[in-house]
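Colleague: here's my sequence, what's the structure:
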Amino acid sequence: MRSHAWTLSAILALAIVVAAVPLSAAGDQCRQLCSPGGARLAIATGSPGELGLLAELAGAFCQGRQVSLCWRKAGSGAALKLLQKGAVQVALVHAPEAEKQAIAQGWALDRTLIGGNRFYLVGPAADPARAAQANDAAEAYARIARTGSRFITRADGSGTHKREMAIWRKAGIQPEGSWYLPSRDFMMASLRLADRKGAYFMTDSSTWLVGRARFGLKGLTVLRADDPELVNTYHALRRAGNGPQADLAREFVAFLASPAAQKIIAGYGRQAYGQPLYENAAQAAKAR
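Modeller: Here you go, the predicted model:
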């Protein structure tokens, strides 16, 4: 009995120590984007990393530079937390209110529009809630809630989740019940879950195009795409500070707004999917 008690105590003590280790020290989860060398820059984002756009941009940025760039996969809420803690130096996010708050609080700088896409409300072709017939996204959401039709929510504080909750608030609804299903996962995984469940889901247009090409998603169709609430813009923010990493972060954010990077963003995905996955900053600004 005494040895068992000691073992349990040791395990609990070890768990406390591990939990107290900073994320960066517990294991670098940054995926290398270009060869190591010189100053190191960590970038946090979700779909632009998941769909390969960030790797394309990083490759262009690294040419002729002795630098090392890596990507930490994180939705906008988590990406901003990583930026605030200094675990990354740049965040590419789509959560406008949280971005403005970060700038106002002084720990983030250079909020720069880099591009965008659209949110799509997708769901089963039968559309049991008649969401496609609603006057706007808020009414579509209200119909889904009223009929108790299954809806996948990311429930993770991501930019997509924040926008979803804003639409629920506009509809005057606090979503809850067995029909409202949290995935607590990233965009592609959540989209595929909606396909398996025959559920409604709000995805970004880029993930939809890639998901259809890679996985079919035969159980879903786009029901709403052009509502003003469904415009989705991405901004780059860098962490306030000085030193080589801060200089590199400033340089990278400036690069994202440059003609060379904007050309990459405007054309990314055209060859593979028949149309670009993203709009550049000029196109995104017009859509707002």
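Colleague: Ser35 against Cys62, yeah?
Modeller: Yes - between Ser35 and Cys62 there is a contact at 7.3 Å, judged by CB atoms under 8 Å. In this view, the C-beta of every residue, glycine as well, is placed from N, C-alpha and C.
Colleague: neighbour count: these two, which is higher?
Modeller: Cys62 (19 against 11; other CB atoms under 10 Å).
Colleague: didn't the more buried one look like it was pressed against Gln32?
Modeller: No - Cys62 is not in contact with Gln32 according to CB under 8 Å; the separation is 10.7 Å.
Colleague: what touches both of these two?
Modeller: Common contacts of Cys62 and Gln32 (CB atoms under 8 Å, 6 or more residues apart in numbering): Leu69.
Colleague: can you name the next helix or strand after the lengthiest strand in the chain?
Modeller: When the chain is parsed with DSSP state E, its longest strand is strand 108-123. Sequence-wise, the next helix or strand downstream of strand 108-123 (DSSP states H and E) is helix 137-147.
Colleague: packing partners of the helix or strand following that following helix?
Modeller: Per DSSP H and E, the first helix or strand lying C-terminal to helix 137-147 is strand 151-153. Judged by 3 or more CB pairs under 8 Å, 6 or more residues apart in numbering; DSSP states H and E, strand 151-153 is in contact with strand 180-182, helix 187-197.
Colleague: strands paired with the shortest one, and their directions?
Modeller: The reference is to strand 180-182. Note on strand 180-182: by DSSP bridges, its sheet partners are strand 151-153 (parallel).
Colleague: pLDDT on the partner strand, on average?
Modeller: Throughout strand 151-153, pLDDT has a mean value of 98.
Colleague: what helices or strands is whatever helix or strand comes next after that strand leaning on?
Modeller: Next helix or strand after strand 151-153 toward the C-terminus (DSSP H and E): helix 159-171. With contacts defined as 3+ CB pairs under 8 Å, 6+ apart, the packing partners of helix 159-171 are helix 76-85, helix 137-147, strand 201-204.
Colleague: enumerate the positions of helix 159-171 that are buried.
Modeller: Residues 159-164, 167-168, 171 are the ones in helix 159-171 that count as buried (16 or more other CB atoms under 10 Å).
Colleague: distance to Ser68 and pLDDT added to those, as CSV?
Modeller: Output for those, formatted as CSV (distance: CB to CB, whole Å; pLDDT from 0 to 100):
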residue, distance to Ser68, pLDDT
Gly159, 27, 95
Thr160, 30, 97
His161, 31, 97
Lys162, 31, 96
Arg163, 33, 97
Glu164, 36, 98
Ile167, 40, 98
Trp168, 41, 98
Ala171, 46, 98
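Colleague: got these as TSV, with distance to Leu113 columns?
Modeller: Output for these, formatted as TSV (distance: CB to CB, whole Å):
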residue	distance to Leu113
Gly159	14
Thr160	18
His161	21
Lys162	18
Arg163	17
Glu164	22
Ile167	22
Trp168	26
Ala171	28
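Colleague: so which of those residues comes closest to Ala260?
Modeller: Gly159 (25.6 Å; CB to CB).
Colleague: which ones are touching that closest one?
Modeller: 46, 75-77, 93-95, 232.
Colleague: repeat for Arg270
Modeller: So Arg270 contacts Pro276 (CB under 8 Å, 6+ apart).
Colleague: give me the pLDDT for it.
Modeller: Arg270 is given a pLDDT of 97.
Colleague: equivalent analysis for the one 5 residues further on, please.
Modeller: The per-residue pLDDT reported for Gln275 equals 96.
Colleague: got phi/psi on it?
Modeller: Note on Gln275: its backbone torsions stand at phi -160, psi 150 [degrees, to the nearest 10].
Colleague: was I right to think it contacts Val210?
Modeller: No - in this structure, Gln275 is not within contact of Val210 by CB under 8 Å, at 11.4 Å.
Colleague: the two: who's more crowded?
Modeller: Val210 (22 against 9).
Colleague: between helix 187-197 and the strand or helix carrying the more buried one, find me the angle.
Modeller: Assigned by DSSP H and E, Val210 belongs to helix 205-215. Helix 205-215 runs at 60 degrees relative to helix 187-197, counting by axes from the mean of the first three to the mean of the last three CA atoms, to 10 degrees.
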